[in-house]
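*Asks:* need a structure here:
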Amino acid sequence: MGQKTHPYGFRLGVIKGWRSNWFAEKDFAELLNEDQMLRRYVKQRLLRAGVSRINIERQPKRVTVEVHTARPGIAIGRRGAEVDKLRDELKQLTGKDVSLNIQEVKKPELDAQLVADNLARQLEQRVSFRRAMKKSVASSMRMGAEGIRIACSGRIGGSEMGRRERSEPAGRVPLHTLRADIDYAQSTAYTVSGTVGVKVWICHGEVVADTGSSNQA
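*Replies:* As a prediction, this is how the structure comes out:
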């Protein structure tokens, strides 16, 4: 039996914060489903904007949605038209007052979700998986990642039998070290021969407890 732990959940409350900030006693399940629905809707709506993560904060009768994206121009639109339209749509869906904040991801090559999504899109376009993985690893290391690991599994390259392929090890990715800032993400490539799962681990160095800042070890 594999006993693998999600790198983000493992560090939650130690060096990582929650992506949903609210507390509820009675309506927990209802609000959790609403969070999931909001994330799915925003991700689908801003498909071309390269959404990395969505943080949700709740106050009574008010929801704050913070979208981290690689292309804020697409998400905001001309004179903020797109963001106003999306805010109105979310208000209709939830029936609550929604505040929408767009944050730019400065270095997409160091964001595990954006790297995984980019790799999945390349696999859908029938790019050689080895070349795509090697290119992603090289660009992340060049931008200053301490280490990166990529794994693809499924009918890679249209083969008859599904298999798991890993990238060549680059740098260090210490999954058992709690103070190591590991960014982890999954994505799915919908290829002609079936779905291919993509997993990405990126190490950003170690977080020093007294300052709470990340530095290169």
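
*Asks:* and stretch 58-68, what's its mean pLDDT?
*Replies:* With pLDDT averaged residue by residue, stretch 58-68 scores 91.

*Asks:* now do stretch 153-164
*Replies:* Stretch 153-164 shows a mean pLDDT of 92 in the predicted model.

*Asks:* Stretch 183-192 now?
*Replies:* Per-residue confidence for stretch 183-192 averages out to 95 on the pLDDT scale.

*Asks:* List the buried residues of it.
*Replies:* In terms of neighbour count (16 or more other CB atoms under 10 Å), stretch 183-192 has its buried residues at Asp183, Tyr184, Ala185, Ser187, Ala189, Thr191. Using the backbone N, CA and C atoms, a C-beta is placed for each residue, glycine as well.

*Asks:* Let me have those residues in a markdown table, extended by secondary structure and distance to Gly2.
*Replies:* Listed next are the buried residues of stretch 183-192 as a markdown table, based on DSSP: H, G, I helix; E, B strand; the rest coil; distance: CB to CB, whole Å:
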| residue | secondary structure | distance to Gly2 |
| --- | --- | --- |
| Asp183 | strand | 21 |
| Tyr184 | strand | 16 |
| Ala185 | strand | 19 |
| Ser187 | strand | 20 |
| Ala189 | strand | 22 |
| Thr191 | strand | 25 |
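
*Asks:* and of those residues, the nearest to Thr5?
*Replies:* Nearest to Thr5 among these is Tyr184, at 10.3 Å by CB to CB.
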